[in-house]
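J.: Following is a predicted model, sequence given first.
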Amino acid sequence: MRQTLADLMDAAAGRADYADVRHVSSAAESISTRNGRVDLVHRGSEEGFGVRVRIGGGWGFAAARGSEAAAAQSALERAISVAQAQPHVPGAAPLTPEAPARGSYSTALVTDPFDVSLEDKLALLLAADAGMRGDPRVTLTMAQFSAFREHKVFASTDGALCDQRTVECGGGIVATATSEDDAQVRSYPGSHREHVAQAGWEHFAGLGIVEQAPRVGEEAAALLSAPQCPAGRTTLVLDGEQVALQVHESVGHALELDRVLGREASYAGTSFVSVPDLGSLRYGSEQMNVTADATCPGGLGTFGWDDEGVAGHAFPLVGEGVLRGFLSSREAAAEIGLERSGGCMRANGFSRQPIIRMTNVNLAPGDAGSLEDLIADTDEGLYMETNRSWSIDNRRLHFQFATEAAWEIRNGERGRLLRNPSYAGITPEFWGRLDAVCSDSEWRLWGLLNCGKGEPGQTMHVSHGAAPARFGDVQVGVA
Amino acid sequence: MSSLELAQRALAAAGGGQGILATVVSERSLMLRYARNRPTQSTAIDDLTVEIAVLRGGRVGTASTNSTDADSLARCARDAEDTAEAMARTAGEDGFPGFPGPRPVPDCHTFDLATASLDPGLGGSALADVFELAGRRGVEAHGTWTVGDVETALASSEGAALSERATDAFMKVVCIAPDGRSGYATAADRSVSQIRPGELAESAAAKATMAGEPAALEPGEYPVVLEPYAVNELMGQLAWHTFNGLAYVEDRSAFSGRLGSLVAAPAINLSDSPRYPRTFQRGFDAEGVPKAPLPLIQDGVAKNVVHDTASGALAGTGSTGHANAPGGTPYGPIATNLVLVGGGARDAAELCAPIERGIYVTRLWYVNAVRPKETLLTGVTRDGTFLIEDGEITRPLVDMRFTDSALGLLERTQALTSTPVLTSDGEFYGRRFASGAVCPALRAASMRFTG
C-alpha cells in the first residue's frame, strides 16, 4: 500500500500544487442491551482512498472504495476535475512548511477489544443492565460497548509517507425512570451512553459499570420525586464531564481557525474570537489554562500525524485566562502568518476530507483538591453532574446546558438532590468567573464520539481533559 | 453489476435458511462548499455499503462492509450469523418477528438523470452565479451546492427483491453583510434543474442587508412568525422524540398515553407522506416494508406514531414502514417524510399582519431537547431575525435563545401559509440519505425567549 500511495503522489506532483492521499481501512463493533435484552450487535468494516489536490488555491477531494491502485488513480482524476471546475481562487496563501511525515504510530494497549469474545462482552453488559433495574420506576435500562480500529497510510507530494494503527473502545450505562408526565435519566460514566478512550479492552473493563449500576438506577428513580432546580444566580460546581463539554463547546469550537476566518459560516458557524485577539483577549480568569495536546496517552485526539502530515504536538490555547493559540491547518495557519500548523486536520474515514478539528483540548488541573474538598470550600450553591442537553449559538458565545442531576450545596456540604438542573451564560463572562479547578487527582480525559462538523457531515472522536471546577454567580434554572 | 444483483450475491453468501436480509446502498455524490465568495472545499464520493442481517432465535445480528468480492461478502455474512447466534446463546431467544416477504411497493418519483450526472461544471456555474450576485449586493456568500445519486437495493431469504434509485439536489446560501448581519436561503429537490442559485442568493442577501440597526429584545414571551426553515427544525425534533414508536412504547414520548388527545391547535394536520409530490419520495424502508401515508396529528389530535418491525412488535401494531436499519436501531424508528398541511395565509407577510409587537424567525440553530417527554427544546435564532411592529417587519433583531415546547408552539399556532415547501438542512452524515419536511410558515401566539 505504501508503494501505491507513493506512486500516486508521484503522478499527482506535476498536476497539482499540492496533493495528499490516505488509504484508510477501519472496523467497528457496537453492542447494546436494553431492558435485559440484547438490543444490537453490529460489526462493520470499510476501506478506501481519499485523495485531495490543491490547484491554484482551490481544493478538490475525491473518495473511492477499495485497495487497488486503479481506485486511487480514479479518485485522483476525479479530485482534479472537481478542483478545476470551480471558480478560480485568487491570491491563495502557500501552505505552512512541514517536515515530511515518516514512520509509524500505534495505540498502546494490553488487550485488543476485537479479540475479546462477544459472549464476554454481553455478559458484562447484561450484568450492568440488570443491576440498574432494582426500582420499578426504572422503565428503561441500557448498556453500551463500542470498539473502533483503524489502519491509515498517508502520503503527500511533500514527501510524507507514514502509517498509523489506532484502537479505541469504551461504553457505559444509562437508566431512565418514568412517571405519567416525566422521564428522568442517569448515566455512568458519562452522558450519551459511553466513555471511550484510545485504549484496549482494559479501559472498558476498568470502568466498573456493574458496580455503579445500582446507584445509577436508584438516582434515576429518585429524580422523579426530587425538587425542581431553583432559578436564580448562584455559585456553580460542575463535575469533570460537564466541564469537558463546556470546554468543547465554548473553547474548542470557538478557537477553530476555519470558524474564526469565516470558512464555516454556512454550517458550524463563526466565532466571537478574531485573529487580532491573539495574545490579548481575556478569555477567562487566571485559573483558566487550556492546551491542545495531540500526544495525551489514551486521548481520542492523539495521533502520530494529522491528516495532512503534521506531527502531533501540544500547544497552549489559553494561558492564565488570555488567548494564546488557535486550532489550525497548514492553509489557515499560513493565512494568518503562523510559522507552523497546529496539526488539527482530521477526517472521518476515507470518504471525507480533512477539516480543522479538536485534538485533545484540555483544561489544566488546578489546586482545589478533590471534589469533596471543593464542595467543602463552597458556602452555598449547586453541584451539577452529567450532561443532558447542550446548545450554543453560532458564534460560540451564548450557551445553555442541562445536566442529569444536581445537588444543593449548603455550608460546604452536599444537600438535596434536584431534578431538571440547567445553567446558561456568555462564554468569556462565564470563564471569567472560574475561581477553582480540582487537582490532578480528579483530572481525567473524557471522550466524545459525536462531534459534528463539516459538509458532508463528519462525526469526530475527540477527548478533553478536565477536573471538577467552580464558577461564581451563574444563572441557573433556566429551563 | 446492479445494486440489486449485489444484494442477491450477498444474500447467497449468507448460505441458505430463513431470516436473512441483504441490503446494498450505493452512493455517488458531489458537494461543493464556498465561503466569502470563493470555493473552499469539494467532496466527490463513490462508495457503497453492503449490510447483511441474520435472524436467529428471535435476535438480529448485523454486519457491513464496503468490499464486494466473494471473500468479503462471505466474511460479512459469517460475522452477522455469528453475532446473531452468540446473542441467542448468551441471552436466550427473543421476539423479533422476522423480515417481511415480497410485498408490492408503490411507484415513486425518485430519479432525475441530469442530477445523476453529478456534473461539477453545473456546481461551478451555480457558485459563480451566487458570487456575482453577492458581489453586486455588497455581501459575502457562504454555503454548499450538492447533488447525489443513491441506489438502495434489498434481497431477503423470504423472497423480497427491491431496489430504488433516488437523486437529490440541495443548495444553501448564507449571505453576510459587512456589519455581520446574515441571511439564509436553501432549496432542495430531486432535480438539480429546480435549484435557482441566483434567487437563493437574492433572498439571502435581502435579509442580510435589511435597513436598520439590530435591536435587542428582553427575554420573554412574544408572538412569532416562523419561516418554513424554523418549522422544519421543530418537525425534526418531534420526529426523533415524539413520533418515534420506540420512545412511545418506552413511555418516553409526549404521545405516550396520549394518542387520541388534543395536543395541538385544530389547524395542525401533520403526516408522514412518503409519496407527497414535493418530498423526497420513498417506496420502502430499510427492512423492505412498503411506505404508506400515516397521519400523526389530525385536526390537532395525536393519531399515530411510527414503527419499525422491532418497535411495532413491542407495541403489538406491526411496522408502519419506518425502519432506519434492518432489525431497528437503539434510537428507534424515524419519520422521514413529514408534511405539515398549510393554512390560508398567502405568505409570511400576511402572517405578520395581526402582530402588534413580535419576532420574525428565519431559522433555528443548535436545537436540542432539554426534556424530550415534554418536547421542551432550546436553541437560538440565526441568519435573519426581525422585529415585527404593527403588522410589519421593521428592523433586524439580535439573535435570541428560545426555550419552549415544540408541541406547545403547535398548540399556540394561529395560522399557516397556504403553500408548504420542502425544507431540508442538507446535512449528510454517514451514507447519504436525503430527507426534509414539507412545511409552511406559521404564526404562533407566543414563543418563550430566554436570552
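T.: Sure, I can see it.

J.: Contact residues of the stretch 351-479 of chain A facing chain B?
T.: For the stretch 351-479 of chain A, the contact set with chain B under Cβ under 8 Å from any Cβ of the partner chain comprises A:351-353, A:355, A:388-394, A:398, A:400, A:402, A:420, A:422, A:424, A:452, A:455-459, A:478-479. C-beta here means a position set from N, CA and C on the backbone, and glycine is covered the same way.

J.: what's the domain layout of chain A?
T.: A:2-224, A:232-476 (automatic domain parsing).

J.: Kindly reformat those as TSV containing mean pLDDT.
T.: Shown next, in TSV, are the domains of chain A (pLDDT from 0 to 100):
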stretch	mean pLDDT
domain A:2-224	95
domain A:232-476	97
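
J.: out of the ones you listed, nearest to B:Gly260?
T.: Evaluated with Cβ to Cβ, the domains of chain A place domain A:2-224 nearest to B:Gly260, the distance being 15.8 Å.

J.: What separates the first and last residues of that closest one, distance-wise?
T.: 58 Å (Cα to Cα, to the nearest Å).

J.: can you check stretch A:343-357 too?
T.: Length of stretch A:343-357, first residue to last, Cα to Cα: 9 Å.

J.: Check the offset of that stretch from the chain's centre.
T.: Relative to its chain's centre, stretch A:343-357 lies at 13 Å (Cα atoms, centre = their mean, to the nearest Å).

J.: again with stretch B:398-418
T.: 19 Å.

J.: and the residues of the stretch 351-479 of chain A next to chain B, which are buried?
T.: Among these, those buried by neighbour count (16 or more other Cβ atoms under 10 Å in any protein chain shown) are A:351-353, A:355, A:388-394, A:398, A:400, A:402, A:420, A:422, A:424, A:455-459, A:478-479.

J.: In helices only, show me those.
T.: Among those, no member falls in helices (criterion: DSSP state H).

J.: The residue lying closest to B:Asn269 once chain neighbours are set aside: how many residues sit nearby?
T.: Nearest-residue entry for B:Asn269: B:Val341, 4.1 Å, with adjacent residues in sequence omitted and distances by Cβ to Cβ, 6 or more residues apart in numbering or on different chains. Other residues near B:Val341 come to 18 when the count uses other Cβ atoms under 10 Å in any protein chain shown.

J.: Next one: B:Val341 from B:Ala292, what distance?
T.: Separation of B:Val341 from B:Ala292 (Cβ to Cβ, to the nearest Å): 17 Å.

J.: do the same with B:Asp107
T.: Counting by Cβ to Cβ, the separation of B:Asp107 from B:Ala292 is 13 Å.

J.: So between these two, which is more surrounded?
T.: Shown here are B:Asp107 and B:Ala292; by other Cβ under 10 Å, B:Ala292 has more neighbours (12 against 9).

J.: Contact partners for the closest residue to A:Cys162 other than its chain neighbours?
T.: The shortest distance from A:Cys162 to any non-neighbouring residue, by Cβ to Cβ, 6+ apart, is to A:Ala101 (4.4 Å). Counting by Cβ atoms under 8 Å, 6 or more residues apart in numbering or on different chains, A:Ala101 touches A:Phe154, A:Ser156, A:Ala160, A:Leu161, A:Cys162, A:Gly304, A:Trp305, A:Gly309, A:Val310, A:Ala311.

J.: do that again at 7 Å, thanks
T.: A:Phe154, A:Ala160, A:Cys162, A:Trp305, A:Gly309, A:Ala311 (Cβ atoms under 7 Å, 6 or more residues apart in numbering or on different chains).

J.: Take those and keep only those in strands.
T.: Of the contacts of A:Ala101, the ones assigned to strands by DSSP state E are A:Phe154, A:Cys162.

J.: now for the contacts of A:Ala101, which pair is the farthest apart?
T.: Counting by Cβ to Cβ, the most remote pair of the contacts of A:Ala101 is A:Phe154 and A:Ala311, 11.8 Å apart.
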